[in-house]
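A.B. asks: Provide a 3D model corresponding to the input given below.
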Amino acid sequence: MRKIAWFAVLLSLLSATVARATVFGKVGGVIHDPHHRPIKGALVTLHAADSDFTETQTTNQDGEFRFLTIPLGEYILSVAQPGFSTGEQHITVATDSTAALHFQLSIATVQQSTHVTAESSVTNPDSATPMTLISRENIARTPGADRTNSLTMITDYVPGAYVTHDMLHMRGGHQLSWLIDGVAIPNTNIASNIGPQIDPKDIDYLEANRGSYTADMGTRTYGAFDIVPRSGFERDREGELVIALGNYYQNNNQLSLGGHSEKFAWYTSLNGNRSNDGLQPPIEQPIHDAENGYGGFASFIYNHDSANQLRVVTQARADYYQIPYDPNADSWQNQLYNSSGLRDGEHETDFYTAFTWVHTYSSSTLLQLSPFYHFNSAKYEPSAHDQPTATTSDQTANYGGLQGSISTVVAKNSISAGIYGYGQHESDLFGVVFNDGSYPNFSHPQSIAGGLVETFVQDNYRPTSWLALIGGVRQSHFQAAITENTFYPRLGVAVQVPKLHWVFRGFYGWYYQPPPLTTISGPVLEFATGNNTSFIPLHGERDEEYQFGVQIPYHGWLLDADTFRTRVTNFLDHSNIGESSIFIPVTVQGALIQAWELTLRSPQSWRYGQFHLAYSNQIAQQIGPITGGLICSPPGSEACAVAPGYSPLDHDQRNTLNFGFNANLPFHAYGSFNVYYGSGFSNGFPDPPSPFTGDYLPAHTTADLAVGKAFGERFTVSATTINVANTRVLLDNSLTFGGFHYNEPRQIYGEVRYRFHF
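C.D. replies: Numbering: from 1, shown residues only. From the prediction side, this is the model:
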């Protein structure tokens, strides 16, 4: 009854309060003549660089204009007024930022009209958050980035981001937030899911944020990925069919349709994929490693009037992965973790839908409200004849909640406040069949409910045009098997050097990440106890972050450098029971993550193409014993003692570098490449029979290539090679999803895109 009453309070609170949900930035400015007198009634048009999305305004008596609800991305802003030349500027809009523009229109002569182009600024002087913006053109051209289950769009462009043991890691952790149309997708099952939740081909822009979040940006410390999906504004009753075929019997196909009118835009897609090279295999040759999946996506936007916009986003996916194994029982890998007897598979299902109402009260006040629902299921299914054990793990979670915000501008303050919350019901089943007869078989279902409510207040104060002072607090209330409350500050500053447009940033803040609801009891707990482990409820992770950085623009190029330190209590990770494939979330006493990061990008409109570079020098360490979840038992015993001081996390990699180029070639062709270097992950088995005796596994370098050509407006043909040299290396030896993990073998595939009207 206590749980039911708590949920009733949660739902009533959510229905009565507004919370944050945004992928929007603001664009504002002043239009004046050569004598600096404001120009009233000038027509200001904001046009998306790659679609038909357009907003228009006329300037007020002070020559001012302001757009409040502009989705993140690239835009062209133009200003027209009879008797004056036309002004135009290319701008980039980021989430929760304000592009403040100054236009001076010159007087047009009778003989000629003059076109004035203002200088474009690619820095963000309103934020202390380092951010990388990835467009759909980047995704389409970067080798391998547009495949359904690919995360290359992140790992090639975002420093400190890589995939190891089949999970995306960033900044030393794997607690990452995904948002679609600004609405956060809750998912606490960090140990069970493999597949991404959205096809990259459905993405218009991806904004990757790396720490230093303001109070309205959530709680996942390591990374937040805000997706602006394809909306239909880029199409006029048009469709696209994508067919890709390659070695390992891979195919990657999608059919998408979209269109728009003045008030309504829609986009839908269906996709399917398969390959015989799915997960990272425990040996160089993929064996029993097929994957297949299918899914759909839809986005609808309706502008009822100038003050009200309605947005609906929904997606559904189903994926299946065979768990690869090492067939040679005598190999050195199988002496450390014997996968030769496994014939397992993983089924994953994911469904998400969100509705957003955006209401503009005035030129300075905005309300957003977004109810959402998320279903997620991961079923690890063994062969009945697995040796020595056949383990089953079926985890299903339902999340329902709401987020939204109300924001306004008062004098030089941009103020926002709101709430984010959800209720969660988790149903888990753990079972083991002991084919070696070592223990009685068991299968034990269990369920648990809980939820999270967070409130925030945030202010961005601009005392001058070159200084932004950022401050806010976020309060969290989590309730499940345990109850936790936090009240944490976040403070930042951004200083823009006049004329140079360099932006220096500083940040200090605290975060609370709610724990997974997973629990074990009954025969599962008895089995764990028999393997010198036990289970205690998990507590939320608490993080303290310092970060300093600088953005340096030069003729459209942008260099962004930062350094950060994150000190963690109750670091969330995952472990397995004995030699089984039952993965249970755990918390480690503490962690310390420190890094230097650097990104360098050329302008997207650079005539030769676009260059990108991402580098990270990172140290990710842990300290102390496991404190929650599947702990060593009995605590304090000699068998449970851990070495004093810090030691590397299993996904610690000191140096990571990606650089590449998307080139514009003659005859409507393009060529792209990316080179990846990793210095090697920490070595979990340095003793014989392992051939790797150092603290870290070997360094590795791979290169990817793609070439393509458009034939008219309907056809585009491309060829892609992943890991051109077929360089194979052991990435890591953490015991998840089949044991050890080698990188991808060479893959070659061709892709055809056919565009049509209907």
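A.B. asks: Show the model's pLDDT score for the residue lying closest to residue 665 once chain neighbours are set aside.
C.D. replies: For residue 665, the nearest residue in space outside its immediate sequence neighbours is residue 671; the separation is 5.5 Å by C-beta to C-beta, 6 or more residues apart in numbering. Quick note: C-beta positions are derived from backbone N, CA and C, even for glycine. The pLDDT attached to residue 671 in the predicted structure is 96.
A.B. asks: Number of residues surrounding residue 671?
C.D. replies: 17 (other C-beta atoms under 10 Å).
A.B. asks: Do I have it right that it meets residue 663?
C.D. replies: Yes - using C-beta atoms under 8 Å, residue 671 is in contact with residue 663, at 4.7 Å.
A.B. asks: The most centrally placed residue in the chain and residue 206, how far apart?
C.D. replies: The geometric centre of the chain, computed from its C-alpha atoms, lies nearest to residue 225 (C-alpha atoms, centre = their mean), at 3.0 Å. In this structure, residue 225 and residue 206 are separated by 6 Å, where distance is defined by C-beta to C-beta, to the nearest Å.
A.B. asks: Mind listing the shared neighbours of the two?
C.D. replies: Between them, residue 225 and residue 206 have residue 154 as joint contacts when contacts are counted by C-beta atoms under 8 Å, 6 or more residues apart in numbering.
A.B. asks: For the stretch 51-200 of the chain, which segments count as helices?
C.D. replies: Counting by DSSP state H, counting those that start in this stretch, the stretch 51-200 of the chain has helices at residues 136-141, 152-155.
A.B. asks: can you check the stretch 251-400 of the chain too?
C.D. replies: Read by DSSP H, counting those that start in this stretch, the stretch 251-400 of the chain holds these helices, from start to end of the chain: 332-336.
A.B. asks: ok, now the stretch 451-600 of the chain?
C.D. replies: Counting by DSSP H, counting those that start in this stretch, the stretch 451-600 of the chain forms helices over residues 522-530, given from the N-terminal end onward.
A.B. asks: On the strand side of things, show who the nearest residue to residue 174 once chain neighbours are set aside bridges to.
C.D. replies: Across the structure, with C-beta to C-beta, 6+ apart as the measure, the residue nearest residue 174 apart from its sequence neighbours is residue 167 (5.3 Å). In this structure, residue 167 has beta-bridge partners residue 164, where bridges are defined by DSSP bridges.
A.B. asks: Leaving out chain neighbours, which residue sits closest to residue 573?
C.D. replies: Counting by C-beta to C-beta, 6+ apart, residue 586 is the residue found nearest to residue 573 once chain neighbours are left out, at 5.4 Å.
A.B. asks: Enumerate every residue touching the residue nearest to residue 665.
C.D. replies: Remark: with contacts taken as C-beta under 8 Å, 6+ apart, residue 671 is in contact with 663, 665, 705-708.
A.B. asks: picking that back up, could you tell me which residues make contact with the residue nearest to the centre of the chain?
C.D. replies: Shown here is residue 225, whose contacts under the criterion C-beta under 8 Å, 6+ apart are 154, 176-179, 206-209.
A.B. asks: switch the cut-off to 7 Å
C.D. replies: 154, 176-179, 206, 208 (C-beta atoms under 7 Å, 6 or more residues apart in numbering).
A.B. asks: so it, which of the three states?
C.D. replies: Reduced to three states with DSSP: H, G, I helix; E, B strand; the rest coil, the structure at residue 225 is strand.
A.B. asks: Ok, residue 201 next?
C.D. replies: Counting by three-state DSSP, the backbone at residue 201 sits in helix.
A.B. asks: Wait, it touches residue 255, no?
C.D. replies: No - using C-beta atoms under 7 Å, residue 201 is not in contact with residue 255; the gap is 10.4 Å.
A.B. asks: Burial check on the residue nearest to residue 573, number of neighbours?
C.D. replies: A total of 24 residues lie near residue 586 under the criterion other C-beta under 10 Å.
A.B. asks: so it bridges to which residues?
C.D. replies: With DSSP bridges as the criterion, residue 586 is bridged to residue 573, residue 629.
A.B. asks: Could you measure from it over to residue 627?
C.D. replies: For residue 586, the distance to residue 627 under the criterion C-beta to C-beta works out to 8 Å.
A.B. asks: same question, residue 133
C.D. replies: Applying C-beta to C-beta, one obtains 38 Å for the distance of residue 133 from residue 627.
A.B. asks: what about these two, which has more around it?
C.D. replies: More crowded of residue 133 and residue 627, by other C-beta under 10 Å: residue 133, with 23 against 18.
A.B. asks: give me the element the closest residue to the more buried one other than its chain neighbours is part of.
C.D. replies: The shortest distance from residue 133 to any residue that is not its chain neighbour, by C-beta to C-beta, 6+ apart, is 5.6 Å, and that residue is residue 207. Residue 207 belongs to strand 203-209 when elements are defined using DSSP states H and E.
A.B. asks: coming back round to it: partners of the residue nearest to the centre of the chain in the sheet?
C.D. replies: With DSSP bridges as the criterion, residue 225 is bridged to residue 178, residue 208.
A.B. asks: any idea how far it is from residue 695?
C.D. replies: Between residue 225 and residue 695 the computed distance is 31 Å (C-beta to C-beta).
A.B. asks: ok, back up a step: for the residue nearest to residue 665, list each beta-bridge partner.
C.D. replies: Counting by DSSP bridges, residue 671 is bridged to residue 663, residue 707.
A.B. asks: Residue 716 now?
C.D. replies: Counting by DSSP bridges, residue 716 is bridged to residue 710, residue 753.
A.B. asks: okay, now it: neighbour count?
C.D. replies: Burial of residue 716, expressed as a neighbour count using other C-beta under 10 Å, amounts to 21.
A.B. asks: Same check on the one 4 residues further on?
C.D. replies: Residue 720 has 23 neighbouring residues, counting by other C-beta under 10 Å.
A.B. asks: residue ranges with poor pLDDT in the chain?
C.D. replies: Residue ranges of the chain with pLDDT under 70: 1-23, 35-36, 96-97, 99-100, 108-122, 191, 576-583, 605-606, 738.
A.B. asks: I'd say residue 249 and residue 276 touch.
C.D. replies: Yes - under the contact definition of C-beta under 7 Å, residue 249 touches residue 276, with a separation of 5.0 Å.
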